[in-house]
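Colleague: test case, fold it:
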Amino acid sequence: MATSTTQTSLEQFQLSSWTLSGPSRSPTQTSEIAVLSTNNFASDETVIQELKPVDGGVAAWTVLITAFVFEAILWGFPISFGVFEEYYSTIPEFKDSSSKIALIGTLAQGLSYLGGPFSASVAKRFPRYQRQQIWAGWPLCILGLVCGSFTTTVNGLILTQGIMYGVGFVTLYYPIISMVDEWWVARKGMAFGIIASAAGASGTVMPLIINALLKKYGYKTTLRAISVAMVILTGPLIFALKGRLTHSERSTMTRTNWSFIGKPLFWVYCSSTLIQGLGFFFPAVYLPSYAADIGLSSTQGALILAVMAVAQVLGQFVFGYLSDKHLPVSFLATICSFMAMIATFGLWGMAKSLGLLLTFSIIFGFFAYGFATMRVGMGRAVSDDPSGVVATFAILVFLQGVGNVLVGPISAGLLEKTVRIDVYGINMYKSLVIFTGASMSLSVVVIVLWFLLPKKVREAQFGSSPSRN
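Modeller: Got it, this is the predicted structure:
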């Protein structure tokens, strides 16, 4: 990092005046010079600090790749809970509390979603302490698994593998997101798409690894082994997580511009995300049991999820990339939900073979998961202020997470008791398939209805050109 120092009072005055009176620019844009003034008894100094470039370079890619690894490992674990749930249900000691087992995974994932706005606000309000926030959350995740390995009750696992892990993850996640936000500006959609795709990448292998460990060593040794692996694979990388901006520049961004809340388009995106989230999680949860009910093996069921995970990786990268190419984010979001709806109604409900389920998993994984990468584009569409990007991102994550928390209650009311191969959705899953498809279709309808309003009405309500939308 190059620095230069001038020591004459005149030069200090000129540089300080230029900084104060120059054109207003966001610190996350491509401005490369930060001017810092310090006073002491010996001399007056103005330090000109050169910032590293955005949207590329070793430093920017280092932070992004590190964020990818954290997402893949630390988020890949709770979304693989289905393997644990199946194993826990076979333990005799847990038989009396079997109805509570699903709550472990619900809390680990749900807290990560629903705690997003709070964690993001802390990271934004105290940017100087983002590294400390990571150090507070990371060991909580590890301790959650270690403590869980010593418990012998479902309630103990709810507290450790569920609550402790969920709180730890959401605590460390948003400081990392804030750092990535500083390093990636014009290519922000691609960067966030890469991070989102990490869960899909780990989803292709992590469930298989966890399943093998559980079968051979049991849950106690498995939890300890995973905690050790997390320490080794992610601990050293914490030191690679650094923001791009100086403390002085970060201090100017501690206040979030909340003006986007008053814009109708923001609430359109919120409504579409919430509705899409209500049906989004069901395929990943119920495809293995659906496959088993039509006579497929557990290995084939795992293959279906693995294929969906690969499609997720591709879809989130592609749509994250496209969102940076000045394509209307509303158009991209509509395409994602529309194709997911077609796949659900036309393929999942009709599927009676491995081939159709694989085809469904590819299309749904590519498009439905691609919708999640629209959060950055949606934020940019409703606010020109960079300070609003992380705030809108966290709010949209929260809204999608509502669906995650409601998976259990909703499915309990939708699943039928009998399987009939000759009926749509093999009868047991008929209502579930229809609900999932309806959620995707209503997500589309909300956005389309907004754009059916007269152009003058939308411009008057939005306050700017709708071309970004």
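Colleague: can you pull out the strands in the stretch 1-150 of the chain?
Modeller: With DSSP state E, counting those that start in this stretch as the criterion, the stretch 1-150 of the chain has strands at 3-6, 33-39, 44-50.
Colleague: hey, least reliable of those by pLDDT?
Modeller: Among those, strand 3-6 carries the lowest mean pLDDT, at a mean of 39.
Colleague: gap between Val83 and Ser337?
Modeller: Distance, Val83 to Ser337, by CB to CB, to the nearest Å: 29 Å. For the C-beta atoms, the positions are set from N, CA and C on the backbone; glycine is no exception.
Colleague: of those two, who's got more company?
Modeller: Taking neighbours as other CB atoms under 10 Å, Val83 and Ser337 compare with Ser337 leading, 29 against 22.
Colleague: got the phi/psi numbers for that one?
Modeller: Per-residue torsions, Ser337: phi -70, psi -40 (degrees, to the nearest 10).
Colleague: number of residues surrounding the spatially closest residue to it that is not a sequence neighbour?
Modeller: Nearest in space to Ser337, with sequence neighbours left out and distances taken as CB to CB, 6 or more residues apart in numbering, is Ser443 at 4.2 Å. Using other CB under 10 Å, Ser443 is surrounded by 29 other residues.
Colleague: is Ser443 in a helix, a strand, or coil?
Modeller: Under DSSP: H, G, I helix; E, B strand; the rest coil, Ser443 falls in the helix class.
Colleague: contact partners for Ser411?
Modeller: Ser411 makes contacts with 282, 285-286, 432, as judged by CB atoms under 8 Å, 6 or more residues apart in numbering.
Colleague: please read the previous query as pertaining to Leu432.
Modeller: Per CB under 8 Å, 6+ apart, neighbours of Leu432: 282, 286, 411, 414-415, 425.
Colleague: surely it is within a strand?
Modeller: No: per three-state DSSP, Leu432 lies outside any strand segment and is helix.
Colleague: so where's the stretch 351-469 of the chain shaky on pLDDT?
Modeller: Within the stretch 351-469 of the chain, the segments meeting pLDDT under 70 span 387, 457-469.
Colleague: need the per-residue pLDDT for Val185.
Modeller: 79.
Colleague: so it makes contact with Val54?
Modeller: Yes: taking contacts as CB atoms under 8 Å, Val185 lies within contact range of Val54: 4.7 Å.
Colleague: quick one: residues contacting the spatially most central residue of the chain.
Modeller: With distances taken as CA atoms, centre = their mean, the residue of the chain nearest its centroid is Ala196 (5.5 Å). Counting by CB under 8 Å, 6+ apart, Ala196 touches 71, 316, 320, 369, 372-373.
Colleague: at 10 Å instead, please
Modeller: 68, 71, 75, 312-313, 315-317, 319-320, 369-370, 372-373, 375-376 (CB atoms under 10 Å, 6 or more residues apart in numbering).
Colleague: what do you get for Gly148?
Modeller: Going by CB under 10 Å, 6+ apart, Gly148 touches 84, 104, 156-162, 164-165, 219-220, 222-224, 226-227.
Colleague: mind listing the helices for the stretch 151-300 of the chain?
Modeller: Here the stretch 151-300 of the chain has its helices, by DSSP state H, counting those that start in this stretch, at 154-157, 165-183, 188-203, 206-234, 247-251, 264-280, 282-293, 298-323.
Colleague: show me what the last one is packed against.
Modeller: What it means is helix 298-323. helix 81-88, helix 188-203, helix 206-234, helix 282-293, helix 329-343, helix 354-370, helix 374-382 (3 or more CB pairs under 10 Å, 6 or more residues apart in numbering; DSSP states H and E).
Colleague: same thing but 6 Å
Modeller: Counting by 3 or more CB pairs under 6 Å, 6 or more residues apart in numbering; DSSP states H and E, the packing neighbours recorded for helix 298-323 are helix 188-203, helix 282-293, helix 329-343, helix 354-370.
Colleague: I'd like these written out as JSON lines, with distance to Phe398 added.
Modeller: Below are the helices and strands packed on helix 298-323 laid out as JSON lines (distance: least, CB to CB, whole Å):
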{"stretch": "helix 188-203", "distance to Phe398": "16"}
{"stretch": "helix 282-293", "distance to Phe398": "19"}
{"stretch": "helix 329-343", "distance to Phe398": "17"}
{"stretch": "helix 354-370", "distance to Phe398": "18"}
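Colleague: no further queries at this time; thank you.
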